[in-house]
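A.B. asks: Turn this into a model:
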Amino acid sequence: MAEIVLVTGAAGFIGRSLAARLAAGGLRVRCLVHAGSGAGALKAAGLDCFEGDLLDKPSLEKAAAGVSAVWHLGALVRPREFMLSRRELAGRFQAVNAQGTENMARAAAAAGVKRFIYFSSISAGGPAVKTEEDEPRPLTVYGRSKLAGELALRRAAAETGLDFVIVRPAMIYGPGAQRWESLFKLIKKGLVPVPGSGNYTPSVCWIESLIDGALIAAEKGAPGSIFNICEEPITLNDLTAALAGFLKVKPLFIRVPEALLGPAIRLLDKGLAAFGLAAPGLNFLADYGSFKEAVSSWSHDTSRLRALGWRPALPTREAFAETVRKSRSAPV
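C.D. replies: Sure thing, here's the model as predicted:
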């Protein structure tokens, strides 16, 4: 009988791709999905789906029973509300991304799981972090909650003996990634707002390269290790120009000087904070930490993962072209 593995957050963009790759490798994939998360495509692909919640321990125990590995991707990335209290926002992130991770880790340990693979985020380290050994300095509530998830996992592992590795993915692109679909639409409309100069380097990684790296880390990584997974740095200007070329359009890039945008965002952020509010619906336009993430140059050392044999599946520009070709938003 095929080995059973559990993927949490399997209904998400990365989770769907990972589950498909694991199943293609001959594993029986069990998917933990939140009620109403849209598991139809997973079931249609022949994958087992368990409804559960990272804060509902019995559902986690049921999902972990009999599995050899847990791929933990379940997380809160952005709440659906346009505006809510800062206390509630921080509490939700902490509950799902930290306590939920610890709950899943303890359920995995109790079930005798052989390896736990936690998908953290480069936001857990922050833009100033280059290597996995650098002291984390996250800038956002999301990044802090993902770092708290790492610490919660280590605490649970120390008490239970659970074997685990942590991967920190960059901003992942590929067909179906909502942020990239939105960027394609903006480029095709002909007007693309660019915060600051555009000469900074966001940290990005193609979905197939990410999964390759996670599979290698899971198979060969030393227990307790952290692995950055990202491609070579590329400036936002070069990135958007490449996408425009692949989309065969020549948009107008509207550059808003950082010296004007930054203080305005900081002022709005402070104004909301004075009333105890946050506006996640505005993304970085109302969150100064997210804005600083957006206009920072990220450069992560991936030598630890490369030493295990990982290389990006395609060079970045070729992966962009493949993304555009396969994207639902790309011209037919």
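A.B. asks: Can you give me the buried ones in stretch 106-121?
C.D. replies: 106-109, 111, 113, 115-121 (16 or more other CB atoms under 10 Å). Where you see a C-beta, it was placed from the backbone N, CA and C, and this is true even at glycine.
A.B. asks: Can you flag which of those residues belong to helices?
C.D. replies: Of the positions in these, Arg106, Ala107, Ala108, Ala109 sit in helices, assigned by DSSP state H.
A.B. asks: show me where pLDDT drops low in the chain?
C.D. replies: Residue ranges of the chain with pLDDT under 70: 1, 328-332.
A.B. asks: try it again with 80
C.D. replies: 1-2, 35-40, 328-332 (pLDDT under 80).
A.B. asks: Distance of Arg255 relative to Lys130?
C.D. replies: 28 Å (CB to CB, to the nearest Å).
A.B. asks: Contacts for stretch 54-65 next, please.
C.D. replies: 6, 8, 30, 32, 50-53, 70, 74, 95-96, 99-101, 103-104, 106-108, 110-111, 113 (CB atoms under 8 Å, 6 or more residues apart in numbering).
A.B. asks: about what we covered before: take the ones in helices among the buried residues of stretch 106-121 and lay them out in CSV including distance to Gly40.
C.D. replies: Listed next are these as CSV, based on distance: CB to CB, whole Å:
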residue, distance to Gly40
Arg106, 30
Ala107, 26
Ala108, 26
Ala109, 32
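A.B. asks: Closest one to Pro202 out of these, please.
C.D. replies: Ala108 (32.8 Å; CB to CB).
A.B. asks: give the contact list for that closest one.
C.D. replies: Leu6, Ala64, Val67, Val70, Phe116, Leu162.
A.B. asks: likewise Leu261?
C.D. replies: Pro195, Gly196, Phe291.
A.B. asks: Am I right that it sits in a helix?
C.D. replies: Yes - assessed with DSSP: H, G, I helix; E, B strand; the rest coil, Leu261 lies in a helix.
A.B. asks: following the host helix or strand of Ser145, which helix or strand shows up next?
C.D. replies: Using DSSP states H and E, Ser145 sits within helix 141-160. Downstream of helix 141-160, the next assigned helix or strand under DSSP H and E is strand 164-169.
A.B. asks: Which other helices and strands does that following strand contact?
C.D. replies: For strand 164-169, the elements it packs on are strand 115-119, helix 141-160, helix 207-220, strand 226-229, judged by 3 or more CB pairs under 8 Å, 6 or more residues apart in numbering; DSSP states H and E.
A.B. asks: now what about the helix or strand just after it, what contacts it?
C.D. replies: Going down the chain from strand 164-169, the next helix or strand is strand 171-173, by DSSP H and E. Contact with strand 171-173 is made by 13-14, 122, 179-180, 202-207, 210, 319-320, 323, as judged by CB under 8 Å, 6+ apart.
A.B. asks: now swap in stretch 196-206 and tell me
C.D. replies: Counting by CB under 8 Å, 6+ apart, 122, 169-174, 213, 229-231, 233-237, 239-240, 253, 255-258, 261, 294-300, 312-314, 316, 319, 322-323 sit against stretch 196-206.
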